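S.K.: quick check, what structure comes out for this input:
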Amino acid sequence: MSTYKRATLDEEDLVDSTSDDVYAPSPLQVNFLPGQNSMCWVDKTQKEKRLLFLVCLLSVAMFISFISAGVFYNQAHPGLCLSEPCITVASSVMGALDRSVDPCHDFYNFACGGWVKNNPLPEGKSRWGPFSNLWEHNMLVMKRLLENTTMKGLSKAEEKTQRYFQACMNESKIEELGAKPLQELISKIGGWALTEPWDKDNFQEVLRTVSASLRTSPFFTVFVSTDSKNSNSNVIQVDQSSLGLPSRDYYLNKTANEKYLTAYLNFLVELGVLLGGSEETSKTLMKDIVDFETTLANITVPLEERRDEELIYHKVQAKDLKDLAPVIDWMPYLTEVFTPVTLNESEPVVVYAKEYLQKVSELISKTNKSLLNNYMIMKVVRKMVSVLDQRFQDAEQRFLEVMYGTKKSCTPRWKLCVSDTDSALGFALGALFVKDTFAEDSKAIAEEMVAEIKGAFEDSLKDVNWMDSDTKKAAKEKADAIYNMVGYPEFIMNATKLDKVFNDFMVVSDLYFQNVMQYYNFSARVTADQLRKAPNRNQWSMTPPTVNAYYNPTKNEMVLPAGILQAPFYSRSWPKALNFGGIGVVMGHELTHAFDDQGREYDKDGNLRPWWKNSSVEAFKRQTQCMVEQYGNYSINKELLNGKHTLGENIADNGGLKAAYKAYVNWIKKNGEEATLPALGMTNHQLFFVGFAQVWCAVRTPESSHEGVITDPHSPSRFRVIGTISNSQEFSKHFGCKADAPMNPKHKCELW
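M.R.: This is a model prediction of the structure:
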């Protein structure tokens with residue numbers, strides 16, 4: 001509190017010292033007023049004259065000193081920000097703090113202890129934090145826009161979002177139809193052993209159907225994306241598929257994950273019964289499916305072993321896939337998945353799971369064909385659960401309660417429908433959202449901040465002593481070339497262009513299941529249409545309302561949707577310290593991804609190629625090993641983090657904080673110190689770090705934390721804070737942390 005009190009007392013002393021005798025002349029003035037009985041100058045001795053001259057000289061010097069000191073103080077201490085936004089945000093920051101904790105001992109609990117105490121997990125949530133809170137706010141905005149069917153001048157695409165939402169909200173129709181839409185779909189595909197005798201030789205046909213029009217990936221995933229080694233072209237790509245549970249670890253470590261496997265099996269059995277199977281038949285069939293998935297998990301390559309894309313990238317021709325996985329009829333399969341594009345056997349294909357494809361082909365060839373069919377149908381069923389009646393919703397909720405530790409709750413139907421509308425028609429809904437909430441100058445302000453952070457990052461490159469000069473020069477060129485996408489893609493503001501994008505997506509007002517099926521068909525056509533074309537910068541991976549951001553290495557671009565350009569990440573009326581600590585660190589984080597262990601393999605044009613000198617590559621690996629070990633020694637609920645799996649995000653967190661802080665310091669140099677927030681007793685440099693930490697305040701169930709440790713490439717929130725600031729010299733300087741304090745270790749990991 002000392003800074004705050006000292007400023008206030010200085011001002012009060014100044015007022016008190018002048019108010020009591022404001023009308024009285026000073027003693028010096030009295031001596032020189034005419035008509036007073038004082039000695040004349042000529043009557044004074046030489047000694048008295050010299051003494052009086054020195055007194056006058058000293059008085060003038062003191063006067064000049066006081067003036068100079070006042071000017072300097074006002075420059076260095078511009079006072080308090082007492083505007084309403086500053087008072088409000090100061091109260092919010094203060095409420096989140098726990099002053100009983102020494103910031104140098106545990107900065108996360110210092111910055112977030114109050115927030116954690118005052119924010120118990122909401123019902124139905126497995127985790128909660130500022131990201132979740134802002135998304136809830138954005139969903140309320142979208143709900144209002146989707147419900148307002150009286151709005152004038154909507155584009156056809158925007159009208160489709162309202163119809164899609166209305167169909168999702170038509171619970172009476174959904175309840176009336178029950179399981180029938182999915183049962184009819186399964187019959188159309190060819191049926192399964194759950195409800196009828198089954199002995200068919202239709203593996204290839206079913207695989208094509210569920211992969212093409214239904215967008216499921218039973219044994220492997222096939223998609224279109226930018227060719228990592230030719231970033232000017234989109235190409236077919238093949239990779240290993242996901243599993244029914246979040247990670248292979250759930251299947252392989254059965255003792256530790258028994259309750260999750262049991263809940264998963266019970267969930268599948270219940271789905272089988274709801275779809276017309278007997279309890280006994282469903283149990284037998286679903287147990288076989290879980291056992292088969294366990295075998296799949298065994299041959300799936302762990303994520304931490306797939307981080308070096310140079311090693312896992314294999315470009316072949318379509319005809320070569322037969323050698324990798326002979327059990328699949330590849331040309332008919334690819335032709336149906338990418339209809340209406342005409343393919344031939346020389347079509348280039350990038351394979352990211354060569355050994356996995358070979359093993360999965362062997363597994364398919366020796367597995368009972370009925371089990372294969374049951375597994376493919378179950379992938380469709382799992383995808384459609386949220387589209388069916390309340391019985392299916394309840395079954396899924398019971399599973400999620402065990403899986404993520406959520407308390408049972410009645411989540412309003414509108415939340416599911418808003419989220420699904422955002423998934424299906426997010427850019428049309430995003431147009432409504434942006435026009436309603438996003439101030440146009442926010443885009444310019446954010447772009448200016450990105451430029452400042454990019455400049456700070458490039459300036460820091462000069463001090464990177466482990467990298468050779470040629471690679472350093474190329475790294476600066478890559479940073480210069482990063483393309484910034486802020487707010488929303490331009491096409492959504494043009495009704496004609498927006499309508500053209502969604503022209504082929506038919507939406508009706510009362511049949512939700514049918515609309516979802518139309519979306520999958522539409523999505524398949526959009527994917528096929530991208531093949532062989534140059535990647536489109538206007539094609540974002542996140543919709544405008546999303547509370548997140550990302551970096552795309554093949555486009556060398558970072559994307560900051562409008563949804564995150566709000567409090568608590570950014571507000572134009574807040575001190576710059578909070579904006580740089582919030583959205584500034586997010587920007588720095590995404591920028592640093594261009595130079596993490598994966599992003600660094602791509603050059604400034606987005607091509608995967610060795611553009612670093614070998615000496616710098618080896619030095620980079622030595623430097624990053626420090627972070628692998630640092631984060632690998634953290635644990636949550638006695639479970640160690642995987643420092644290798646989280647390396648990319650940890651590099652981005654550390655680089656993002658450093659770049660954003662340097663950009664803030666540069667801003668101060670240009671603009672001078674800004675006013676401080678009242679009552680906190682913090683300098684703005686301290687506020688920067690507190691603002692950064694409070695973005696990551698979070699509460700989470702033990703089950704969700706367990707899932708995060710296994711699957712999430714990000715470290716848990718606590719370690720995103722303490723891991724990063726314990727590597728920051730500037731943090732320890734501004735909080736006065738003693739040497740070897742927990743947040744100021746002697747050995748710090750430094751990269752960018």
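
S.K.: tell me what the host helix or strand of L432 is packed against?
M.R.: Using DSSP states H and E, L432 falls within helix 413-437. On a contact count with 3 or more Cβ pairs under 8 Å, 6 or more residues apart in numbering; DSSP states H and E, helix 413-437 meets helix 130-147, helix 156-169, helix 495-501, helix 512-530. C-beta coordinates here come from the backbone N, C-alpha and C atoms, glycine included.

S.K.: what are the boundaries of the strands in this structure?
M.R.: Ranges of strands in the chain, per DSSP state E, are 127-128, 220-227, 230-240, 314-317, 348-351, 483-487, 550-552, 557-561, 635-636, 639-640, 699-700.

S.K.: pick the most buried one from the ones you listed.
M.R.: Ranked by mean neighbour count under mean count of other Cβ atoms under 10 Å, those are led by strand 557-561, which reaches a mean of 24.

S.K.: next, the angle strand 483-487 makes with that strand.
M.R.: Here the directions of strand 557-561 and strand 483-487 differ by 10 degrees (axes from the mean of the first three to the mean of the last three Cα atoms, to 10 degrees).

S.K.: only the buried residues of stretch 83-102, if you could.
M.R.: Under the neighbour-count criterion of 16 or more other Cβ atoms under 10 Å, stretch 83-102 has C86, V89, A90, V93, M94, A96, L97, D98, V101 buried.

S.K.: if I look at the spatially most central residue of the chain, how far off is H589?
M.R.: Against the mean C-alpha coordinate of the chain, by Cα atoms, centre = their mean, the closest residue is N548 at 3.9 Å. Counting by Cβ to Cβ, to the nearest Å, the separation of N548 from H589 is 11 Å.

S.K.: ditto for Y108
M.R.: 17 Å.

S.K.: name the residues of the helix holding L432 that come out as buried.
M.R.: Neighbour-count burial for helix 413-437, counted by 16+ other Cβ under 10 Å, picks out 414, 417-422, 424-434, 437.

S.K.: what count of nearby residues applies to P120?
M.R.: 10 (other Cβ atoms under 10 Å).

S.K.: and for P326?
M.R.: Using other Cβ under 10 Å, P326 has 14 neighbouring residues.

S.K.: so it makes contact with S361?
M.R.: Yes. Here P326 reaches S361: they are 6.1 Å apart, a contact under Cβ atoms under 8 Å.

S.K.: circling back to that earlier point, now render the helices and strands packed on helix 413-437 as CSV, adding distance to T624.
M.R.: Listed next are these as CSV, based on distance: least, Cβ to Cβ, whole Å:
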stretch, distance to T624
helix 130-147, 27
helix 156-169, 44
helix 495-501, 41
helix 512-530, 34
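
S.K.: R398 - nearest residue in space that isn't next to it in sequence?
M.R.: Of all residues not flanking R398 in the chain, F267 sits nearest, at 7.1 Å (Cβ to Cβ, 6 or more residues apart in numbering).

S.K.: and that neighbour, what does it touch?
M.R.: Neighbour list for F267: A395, E396, R398, F399 [criterion: Cβ atoms under 8 Å, 6 or more residues apart in numbering].

S.K.: do L641 as well
M.R.: Contact partners of L641, counting by Cβ under 8 Å, 6+ apart, are Y631, G632, Y634, S635, V709, S715, P716, F719.

S.K.: is the fourth one in a bridge, and if so with what?
M.R.: Yep, that's S635 we're talking about. Note on S635: beta-bridge partners L640, judged by DSSP bridges.

S.K.: now do it against C697, distance only.
M.R.: For S635, the distance to C697 equals 20 Å [Cβ to Cβ].

S.K.: again with the third one
M.R.: In this structure, Y634 and C697 are 18 Å apart, going by Cβ to Cβ.

S.K.: neighbour count: the two, which is higher?
M.R.: Neighbour count, other Cβ under 10 Å: between Y634 and C697, C697 has more, with 24 against 18.

S.K.: what sits against the more buried one?
M.R.: The contact partners of C697, by Cβ under 8 Å, 6+ apart, come to A96, A111, C112, W115, V116, N119, G129, P130, S717.

S.K.: ok, Y512 next?
M.R.: A167, C168, N170, K173, I174, V387.

S.K.: repeat that for 6 Å
M.R.: Residues near Y512 by Cβ atoms under 6 Å, 6 or more residues apart in numbering: A167, C168, I174.

S.K.: just T411 next, same as before
M.R.: G124.

S.K.: ok, back up a step: now the strands of the chain in JSON lines, with mean pLDDT?
M.R.: JSON lines is the format used below for the strands of the chain (pLDDT from 0 to 100):
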{"stretch": "strand 127-128", "mean pLDDT": "94"}
{"stretch": "strand 220-227", "mean pLDDT": "96"}
{"stretch": "strand 230-240", "mean pLDDT": "96"}
{"stretch": "strand 314-317", "mean pLDDT": "97"}
{"stretch": "strand 348-351", "mean pLDDT": "97"}
{"stretch": "strand 483-487", "mean pLDDT": "94"}
{"stretch": "strand 550-552", "mean pLDDT": "96"}
{"stretch": "strand 557-561", "mean pLDDT": "96"}
{"stretch": "strand 635-636", "mean pLDDT": "95"}
{"stretch": "strand 639-640", "mean pLDDT": "94"}
{"stretch": "strand 699-700", "mean pLDDT": "96"}
